[in-house]
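[1] Next comes the sequence, and after it the predicted model I'd like to discuss.
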Amino acid sequence: MTGVPASATGGTGSPAPGGKLGAAAVNQASLWNIANILTMIRLLLVPGFVVLMLADGGYDPAMRAWAWAAFAVAMITDVFDGHLARTYDLVTDFGKIADPIADKAIMGAALICLSYLGDLPWWVTGVILGRELGITVLRFVVIRYGVIPASRGGKLKTLAQGTAVGMYVLALTGPLATFRFWVMAVAVALTVVTGLDYIRQAVVLRRAGLEEAKAAAAASQAAADDKASSEAAEK
């Protein structure tokens with residue numbers, strides 16, 4: 001015997017007056033799960049990263065190293081928060097909205113800072129951010145027809161972007177500076193190729209959705225016509 005009223009334990013007793021308030025409190029508390037906390041940390045890292053990148057004109061090796069550390073933590077938490085949310089059923093509306101925002105915020109901040117400092121051509125920043133924002137808009141457009149699953153190419157693109165940008169954040173010289181150029185070239189190529197593939201899949205998905213809707217409408221119309229014919233025959 002626990003001494004807890006039946007209404008509080010899901011028994012047959014009458015609901016407690018504060019039942020709705022308690023449920024709301026539980027739902028509100030679920031926001032503070034580990035996946036969402038990691039996402040919030042990633043969002044908070046963005047302004048700190050920008051300050052570190054631009055400190056002392058943006059060319060202090062020590063500050064750039066700290067900026068890289070902030071960027072690396074953000075990238076690592078990006079991997080873990082989604083995995084934790086899916087594995088332990090911690091998916092929330094906040095996470096669905098905040099996670100992609102945090103992803104694009106840290107990557108966008110890094111690219112813009114690098115281009116502002118002259119370390120990375122603006123067209124590279126434009127291609128990567130344009131692709132990410134364009135695909136995000138496209139995802140909302142076709143979501144009524146279905147969801148396009150993450151591809152292996154998309155995951156490689158994310159890895160290549162994170163690696164390349166991280167190498168540019170560090171004040172590298174010599175062979176490593178040359179190597180990072182080629183890593184970035186691979187990242188840009190994957191960005192373009194996977195973006196075009198996503199557009200192709202979106203077009204196919206939309207076309208299939210429209211055909212299904214047309215078929216359903218035709219079937220509904222045929223059923224209505226059959227019903228009308230039956231009623232007319234009975235009269």
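    That came through fine.

[2] Following element in sequence after the helix or strand of the chain with the lowest mean pLDDT, please.
    Least confident helix or strand of the chain, by mean pLDDT, DSSP states H and E, is helix 19-29 with a mean of 42. Scanning forward in sequence from helix 19-29 by DSSP states H and E, the next helix or strand is helix 34-54.

[3] what sits up against that following helix?
    Contacts to helix 34-54, defined as CB atoms under 8 Å, 6 or more residues apart in numbering, come from residues 63-64, 66-67, 70-71, 73-74, 77-78, 80-82, 84-85, 88, 90-92, 94-95, 98-99, 101-103, 105-106, 109-110, 113-114, 116-117, 169. For the C-beta atoms, the positions are set from N, CA and C on the backbone; glycine is no exception.

[4] From those, which land in helices?
    Mapping the contacts of helix 34-54 onto helices (DSSP state H) picks out 63-64, 66-67, 70-71, 73-74, 77-78, 80-82, 84-85, 94-95, 98-99, 101-103, 105-106, 109-110, 113-114, 116, 169.

[5] burial of residue 202, as a residue count?
    19 (other CB atoms under 10 Å).

[6] And residue 33, by the same measure?
    20.

[7] how near is it to residue 91?
    Distance, residue 33 to residue 91, by CB to CB, to the nearest Å: 9 Å.

[8] any residues in contact with both of these two?
    Going by CB under 8 Å, 6+ apart, residues that sit against residue 33 and also against residue 91 are residue 85.

[9] Find the centremost residue of this protein, please.
    residue 100 (2.9 Å; CA atoms, centre = their mean).

[10] Quick check: closest non-adjacent residue to that one.
    With CB to CB, 6 or more residues apart in numbering as the criterion, residue 100 has its nearest non-adjacent residue at 6.8 Å, and that residue is residue 136.

[11] Which of the helices or strands spans that neighbour?
    helix 122-142.

[12] Now do residue 82, the pLDDT please.
    Confidence at residue 82, expressed as pLDDT, is 72.

[13] That one: what's it in contact with?
    35, 99.

[14] Just confirm residue 156 contacts residue 190, I think it does.
    Yes - Residue 156 lies in contact with residue 190 (CB atoms under 8 Å); the separation is 5.9 Å.
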